[in-house]
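Asks: Build me a model:
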Amino acid sequence: MTEKPTPLQEAERLNWIDAARGLAILGIFMVNMPAFNAPFFLYGGEDQYWTSASSQLVQSIIDIFFQASFYTLFSLMFGFGLYIMKERLSLKNINYRLIIFRRLIVLIGFGLVHAFFIWHGDILLSYGVLGLVMLAFFNVSPKGLLVWAFSMLAVLVVPFSLGLYAVRNHLGGLYNQEETQAAFQNYGDGSLIDIWQQNFNDWTYANNAGTIPFLALSLIPMFLIGTYIAKKRWLHEPAEHVSSIKRWCVITGLLFILFKAGPYVIGNPEWFQLLQDNVGGSASAVFYLLSITLAFRTDAGRKWLQPLTWVGRMSLSNYIFQSFVSFFLFYSVGLGLYGQVSPLTSVLLVVFVFSLQAVISKAWLKKFRYGPLEWLWRSLTYGKKQPLKRSVHQAS
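Replies: Alright, predicted model coming up:
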């Protein structure tokens, strides 16, 4: 007899995984808010615009500890979650390919709305489309997953880094003044239609035919590593795998320091950026995940990291909420602060909004099983309205 597919129940949750998702949401917000505030991430020019010592320091800290570290962590957790879903459905003799395909199609729908009406830097659309590739990898052995992941990263990083090094003396910082001025005009002073047109222009600039292979070879390896970790059950049974977790925590921590902070010792050369983001960023993502898993083995760690679990359990809703907040803060149809918020002020805003999200998420989860978008995603995935409100017994 084939059971009906159902989403993960609360008793089955692993809190350190939710905490890792919550940390990823914080890290992504730390990078996304400055990109919402000004066009420099796409078109360059931040060094000419943010010239104070404090701004330069804050940007360096974000580059080392946040840039390319948390969308990779979220990617890792995405691959992990897809495989867990596949595993649960297979145990119930359910066609997991159909359910996961439907789940990814719904995610693509979320991504389309988010990418074209709210935030050109959306990641959901990329996850939904590239996640379809994972249907071909679920039955690959753990060793095979790592071979594929490292091979993809090598194909991306090695030849292009060597090429950039060869022409290192001819590289100059990107600065597209015309596009920068258009972004300031449309986001800072334009109508809603102007904002949407600029947003579409920015999305197509960032997602052209030349950048898509780079995106795929950055995200898919992290999906595969997440699947590898799920198959090895490191996060399911950390007590039984603590030696492996500690060993890889040290290895990835050293790679994190070497490739993310190391470039600053030699002047942070432009030719090194692919290595910094794809090797250092990938290593830092694994390091953050394993560090949280180890921290949850201590009473103090569980206490301090608990707020991250509330945010992580509503990661989709909180991710979209951050975009709405940034849209309102920076664009002309809201407060119109585009280009006026310094890097330091941006960090303070992120901390404030994220803290508010933790409080709201905790309160929401006392009354409801899922975040609002998580509930909608589950209902559309399983083709049935899922129960949202908690029973009196669960709420207490």
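
Asks: can you tell me how far residue 371 sits from residue 212?
Replies: Using C-beta to C-beta, to the nearest Å, one gets 30 Å for the distance from residue 371 to residue 212. For every residue, glycine as well, the C-beta is placed using N, CA and C.

Asks: neighbour count winner among those two?
Replies: When neighbours are counted by other C-beta atoms under 10 Å, residue 371 and residue 212 differ, and residue 371 comes out ahead with 25 against 13.

Asks: what sits against residue 353?
Replies: The contact partners of residue 353, taken as C-beta atoms under 8 Å, 6 or more residues apart in numbering, are 29, 322, 325.

Asks: what does stretch 310-324 contact?
Replies: Contacts for stretch 310-324 (C-beta under 8 Å, 6+ apart): 13, 17-26, 28-29, 32-33, 36, 74, 110, 114, 118-119, 122, 124, 353-354, 357-358, 361-362, 364-365, 370-374, 377.

Asks: Mind giving me the PyMOL command for buried ones among those?
Replies: Burial among those is assessed by 16 or more other C-beta atoms under 10 Å; the matching PyMOL selection reads:
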select buried, resi 17+18+19+20+21+22+23+24+25+26+28+29+32+33+36+74+110+114+118+119+122+124+353+354+357+358+361+362+364+365+370+371+373+374+377
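
Asks: ok so, going back, which of the contacts of residue 353 lies at the shortest distance from residue 229?
Replies: Closest approach between the contacts of residue 353 and residue 229, by C-beta to C-beta: residue 29, at 24.0 Å.

Asks: Correct me if wrong: the closest one contacts residue 354.
Replies: Yes: between residue 29 and residue 354 there is a contact under C-beta atoms under 8 Å: 6.2 Å.

Asks: Residue ranges in the stretch 51-200 of the chain under the pLDDT threshold?
Replies: Applying pLDDT under 70 to the stretch 51-200 of the chain picks out residues 173.

Asks: If we use 90, what do you get?
Replies: 51, 168-177 (pLDDT under 90).

Asks: Please, where are all the helices along it?
Replies: Along the stretch 51-200 of the chain, counting by DSSP state H, counting those that start in this stretch, helices occupy 53-65, 70-91, 96-117, 124-131, 142-166, 177-189, 192-206.

Asks: now for those helices, which one comes closest to residue 43?
Replies: Residue 43 lies closest to helix 177-189 among these, at 4.7 Å (C-beta to C-beta).

Asks: picking up where we left off before, relative to residue 263, which of the helices of the stretch 51-200 of the chain is closest?
Replies: helix 53-65 (9.0 Å).

Asks: Could you report the neighbour count for the residue nearest to residue 28 when sequence neighbours are not counted?
Replies: Distances taken as C-beta to C-beta, 6 or more residues apart in numbering place residue 70 nearest to residue 28, at 4.9 Å, with adjacent residues excluded. For residue 70, the neighbour count with other C-beta under 10 Å is 24.
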